[in-house]
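J.: model the structure of this input:
(one chain, ligands or ions: 1)
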Amino acid sequence: MVSSASTSLLLLHHPTPTRLLHPISHARATNGLCDRRLSLPRRLHFPPILLSDAPRRRTRGAATIPFANVTGSASDPIVSEPERKSDLSDAGGDEEEWSSSKKLVKWGLLWSLLLRHKLRIGISVLSLVGCTTCTLSMPIFSGRFFEVLVGARQEPLWSLLAKVGIAYAMEPIFTVLYVVNMNVVWESVMSTLRAQIFRRVLIQKVEFFDRYKVGEISALLTSDLGSLKDVVSENVSRDRGFRALSEIIGTVSILFTLAPQLAPILGALMLSISVLVAVYKRSTVPVFRAHGMAQASMSDCVSETFSAIRTVRSFSGEHRQMSMFGNQVLAYRRSGIRLGMFKSLNESVTRVAVYISLIALYCLGGSKVKAGEISVGTFASFIGYTFTLTFAVQGLVNTSGDLRASLAAVERINSVLSGVEVDETLAYGLEKEIQEKEHHDEAIKLFSDDDHSGKNSRTVHYMSALKSAHNLSTLAWSADICLEDVHFSYPLRPDIEILSGLDLTLKCGTVTALVGPSGAGKSTIVQLLSRFYEPTKGRITLSGEDIRTFEKTEWARVVSIVNQEPVLFSVSVGENIAYGLPDENVSKDDIIKAAKAANAHEFIVSLPQGYDTLVGERGGLLSGGQRQRIAIARALLKNAPILILDEATSALDAVSERLVQGALNHLMKGRTTMVIAHRLSTVQNAHQIAVVTDGRIAELGTHLQLLAEKGKYDTLVGTQRLAFE
Ligand SMILES: Nc1ncnc2c1ncn2[C@@H]1O[C@H](COP(=O)(O)OP(=O)(O)OP(=O)(O)O)[C@@H](O)[C@H]1O
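T.: Down below sits the predicted model:
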């Protein structure tokens, strides 16, 4: 009688059953790898744990960053071998140390971020002790309560009830304090870490973006980092994480204190059953994960169908899409039924664990009570601790699973980000900008790297020899740009030489057109001029200075590029134009002036909200010609002395082309311009036309000169005329 009443009462101490997570969140919380593999193609191979080893070997090369000591001749290496070695030794040691210093998410970093919140961590620890004490005191009070009821204990009932009341009142207060403070600390750590990872990705060399897909990169910041975030935010509840650990330690200690003769056998039995059940339940994680994956494929199918609805209609593809979606629905149903089965099994095994522990307690404890070795109250308390221990052990096993998934996610982040090369010149410029702005910008503060002893100091050391940017703009407005014996292979295809000894001078303030067959290397020249890549041999100079001696962020300010497919951001028209200037405070008058010069003002004011009209994703709410004119307005606002037009009008119809060409003519005035165009009619007026074939300049001259030469250019013109006729 007593025992059944106490069981039901004591059950109230454990209102939280072991959680069964939502399939998606469960898959995410327990296995970042799963999410990742959902979105990752086979290209990215991650060995299980020592993921950073392979990149480590590669990282040695990362020290070979082209920096200072740029000297005269085109063939001179930018950095000599001994210097590279000294950079490594400056970095403070052997290869291991160097590669580990390239890891972004390190224990040291996490620790230093945590230490920023000492007060909150202190409050969390105290409240954890508080809520565990309250929780673990309840079964004792319950035991005493029953002893008082059956007359085995001489204690005023009101005094006991008052103590129980205090414990009940304090536990939720401590819990709130613990959860809130832990969350605030971890959210702050995670936001800084997320910003640091974003920044690290942002400063990678362009080849990084050739190597990894956008989805892969975004998975680092979402699912992988999310898994690290969840390790705390999903484990602050009752029966998880630190609470579970403290409850286990507390319970075992109390059991040994209350009944040393019962505790060893009973404690060992309860622990082992709970661990077995928890391990079994972890083994069912793939079922949860499979359900999450089935749901993801179903939603992929939906978004693909409706985002391509016009294509579906035009191919009468409705039936095919229905069949595809139907298959996904059936797969989702199958996995849902399987999941339901496993959920009920999981629920049952938890109960089985509790029941076995209780029966063991009744058998062992009951006999001890009868023999007068332990009191009824102690026995009743033990029932409460049976529940506490069972749930806490299972919670801790789940937490350890989450922890393992998080460690794997951290390894992935490190392996991706330490295996490739940071664009040091870009990193340097950005670091300077952050340091200038962080004092009055909360968002930018997140990106500041406090680890000045490490990578940054090395970057600054490298960069100290770079030329001051003060005169770059002046030089760019007044000097020629020369490509001297430029050789180039893309980093991902090092065996294929795209440019093989290209020489070309872009005269200051004039227009140079690049023409030639597809794949000849014209856009590659643009990429080198933009400094997305560096020549593998030879150099590009401005007024005789190798352009690598200028900071990349400064260089970006003197070069404007207008592409065939201009990229607009999904903000307003005005903000897209203002993107031309790094400073956020661009005046509306300047924006309008640029838009007028780009023949864009009229159509902009006719939009529903004028300059405040949102342009949609990648500018999808505007026509190609409108997008192009906004891009030109952006370039006009930027007012860079070097201009690159890469097929800027080729995607437009005749009317748009006329409008855009007018804007371009305005833009080109007085700037050193390089134009790439397949339509030769658009480059006839260039000051010089360079015919690119096989990675070299095959012919160079004006339109008339080249026609008179009757060479490749003449043939190209002839072919186009023929095609036109
Ligand atoms: N990121 C890259 N990685 C590896 N190879 C590349 C990359 N980009 C271009 N290539 C290769 O470089 C060669 C030259 O390409 P490029 O785009 O410079 O030619 P193009 O003359 O501009 O051609 P088109 O007129 O068709 O635009 C091509 O063979 C192309 O496959």
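
J.: point out the residues in this protein that sit beside the ligand.
T.: Residues of the chain lying close to the ligand (C-beta under 6 Å from any ligand atom) are 210, 490, 492-493, 498, 516, 518-524. Where you see a C-beta, it was placed from the backbone N, CA and C, and this is true even at glycine.

J.: only the buried subset of these, as a PyMOL command please.
T.: To isolate the buried subset of those in PyMOL, counting by 16 or more other C-beta atoms under 10 Å, use the following:
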select buried, resi 490+498+516+520+521+522+523+524
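
J.: show only the entries of the residues of the chain next to the ligand found in helices.
T.: The members of the residues of the chain next to the ligand that map onto helices under DSSP state H are 210, 522, 523, 524.

J.: what's near enough to touch the last one?
T.: Shown in contact with residue 524 (C-beta atoms under 8 Å, 6 or more residues apart in numbering): 488, 490, 498, 499.

J.: of those residues, closest to the ligand?
T.: Checking these against the ligand with C-beta to the nearest ligand atom, the nearest one is residue 490 at 3.3 Å.

J.: could I get the average pLDDT for the host helix or strand of residue 226?
T.: Taking DSSP states H and E as the criterion, residue 226 maps to helix 225-233. For helix 225-233, the mean pLDDT works out to 81.

J.: can you tell me the SS state at the closest residue to residue 575 other than its chain neighbours?
T.: Of all residues not flanking residue 575 in the chain, residue 569 sits nearest, at 7.3 Å (C-beta to C-beta, 6 or more residues apart in numbering). Counting by DSSP: H, G, I helix; E, B strand; the rest coil, the backbone at residue 569 sits in coil.

J.: do the same with residue 406
T.: Using three-state DSSP, the structure places residue 406 in helix.

J.: quick one: neighbours of it, just the number.
T.: Look at residue 406: counted by other C-beta atoms under 10 Å, it has 21 neighbours.

J.: quick check, it in contact with residue 228.
T.: Yes: the criterion here is C-beta atoms under 8 Å, and residue 406 meets it with residue 228 at 4.7 Å.

J.: point to the residue nearest the middle of this protein.
T.: Nearest to the geometric centre of the chain sits residue 221, at 2.2 Å (C-alpha atoms, centre = their mean).

J.: which ones are touching that one?
T.: By C-beta under 8 Å, 6+ apart, the contact set of residue 221 is 194, 197, 198, 201.

J.: let me know the closest of those to the ligand.
T.: residue 201 (17.5 Å).

J.: go through the one helix or strand residue 139 maps to and flag the buried ones.
T.: Residue 139 belongs to helix 118-149 when assigned by DSSP H and E. The neighbour-count check on helix 118-149 (16+ other C-beta under 10 Å) flags 120, 123-124, 127-128, 130-132, 134-149 as buried.

J.: pull the number of nearby residues for residue 394.
T.: By other C-beta under 10 Å, the residues close to residue 394 number 27.

J.: could you say which helix or strand contains it?
T.: If you go by DSSP H and E, residue 394 is part of helix 376-418.

J.: and that helix, average pLDDT?
T.: Averaging pLDDT along helix 376-418 yields 82.

J.: what's the spacing between residue 631 and residue 576?
T.: Noted for residue 631: a distance of 8 Å to residue 576, by C-beta to C-beta, to the nearest Å.

J.: the more surrounded of these two?
T.: Neighbours per residue, other C-beta under 10 Å: of residue 631 and residue 576, the larger number sits with residue 631, 28 against 25.

J.: show me the contacts for the residue nearest to the more buried one when sequence neighbours are not counted.
T.: Closest residue to residue 631 apart from its sequence neighbours, by C-beta to C-beta, 6+ apart: residue 566 at 3.3 Å. Residues in contact with residue 566 (C-beta under 8 Å, 6+ apart) are 619, 627, 628, 630, 631.

J.: over to residue 566: give its phi and psi.
T.: Dihedral angles phi and psi of residue 566 (degrees, to the nearest 10) take the values phi -60, psi 140.

J.: and the longest helix along the chain, what does it pack against?
T.: For the chain, the longest helix by residue count, based on DSSP H, is helix 318-370. For helix 318-370, the elements it packs on are helix 263-283, helix 285-307, helix 376-418, judged by 3 or more C-beta pairs under 8 Å, 6 or more residues apart in numbering; DSSP states H and E.

J.: low-confidence bits of the stretch 1-150 of the chain, can you list those?
T.: By pLDDT under 70, the low-scoring segments of the stretch 1-150 of the chain are 1-104.

J.: now stretch 188-199, how far from the centre of its chain.
T.: Computed by C-alpha atoms, centre = their mean, to the nearest Å, the chain-centroid distance of stretch 188-199 equals 9 Å.

J.: can you check stretch 382-392 too?
T.: 41 Å.

J.: same thing with stretch 572-586?
T.: Remark: stretch 572-586 is offset 25 Å from the chain centroid, using C-alpha atoms, centre = their mean.

J.: start and end of that stretch, how far apart?
T.: Using C-alpha to C-alpha, to the nearest Å, the gap from the first to the last residue of stretch 572-586 comes to 14 Å.

J.: avg pLDDT for it?
T.: Averaging pLDDT along stretch 572-586 gives 81.

J.: again, but for stretch 482-502
T.: Computed over stretch 482-502, the mean pLDDT rounds to 92.

J.: do the same with stretch 655-664
T.: Average pLDDT, stretch 655-664: 74.

J.: residues of that stretch that come out buried?
T.: 656, 657, 659, 660, 663, 664.

J.: again, but for stretch 404-424
T.: For stretch 404-424, the neighbour count (16+ other C-beta under 10 Å) marks 404-406, 408-424 as buried.

J.: please apply the same query to stretch 355-367.
T.: Using 16+ other C-beta under 10 Å as the test for burial, stretch 355-367 gives 356, 357, 358, 360, 361, 364, 365.

J.: next one: stretch 267-281
T.: Buried-residue list, stretch 267-281, by 16+ other C-beta under 10 Å: 267, 269, 270, 271, 273, 274, 277, 278, 281.

J.: quick check: mean pLDDT across it?
T.: Across stretch 267-281, pLDDT averages out at 79.

J.: who touches that stretch?
T.: Contacts of stretch 267-281 (C-beta under 8 Å, 6+ apart): 18, 252, 255-256, 346, 349-350, 352-353, 356-357, 360, 386, 389-390, 393-394, 396-398.

J.: generate a PyMOL selection restricted to the buried subset of those residues.
T.: Buried members of the contacts of stretch 267-281, defined by 16+ other C-beta under 10 Å, are picked up in PyMOL with:
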select buried, resi 18+252+255+346+349+350+353+356+357+360+386+389+390+393+394+396+397+398
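
J.: what's the separation between residue 313 and residue 305?
T.: Taking C-beta to C-beta, one finds residue 313 at 11 Å from residue 305.

J.: who has more neighbours out of the two?
T.: Neighbours were counted for residue 313 and for residue 305 using other C-beta under 10 Å; residue 305 has more, 18 against 10.

J.: quick one: contacts for the closest residue to the more buried one other than its chain neighbours?
T.: The shortest distance from residue 305 to any residue other than its chain neighbours is 4.7 Å, reached at residue 321 (C-beta to C-beta, 6+ apart). Residue 321 makes contact with 301, 305, 312 under the criterion C-beta under 8 Å, 6+ apart.

J.: now those residues in a markdown table, please, with extra columns for pLDDT.
T.: Formatted as a markdown table, the contacts of residue 321 follow (pLDDT from 0 to 100):
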| residue | pLDDT |
| --- | --- |
| 301 | 89 |
| 305 | 90 |
| 312 | 89 |
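
J.: nearest to residue 184, of these?
T.: Closest approach between the contacts of residue 321 and residue 184, by C-beta to C-beta: residue 301, at 39.6 Å.

J.: touching, residue 124 and residue 184? I think so.
T.: No: in this structure, residue 124 is not within contact of residue 184 by C-beta under 8 Å, at 9.2 Å.

J.: any stretches of the stretch 501-650 of the chain with poor pLDDT?
T.: 583-584, 650.

J.: mind listing the strands for it?
T.: Residue ranges of the strands in the stretch 501-650 of the chain, as given by DSSP state E, counting those that start in this stretch, are 511-515, 537-542, 545-546, 559-563, 642-646.
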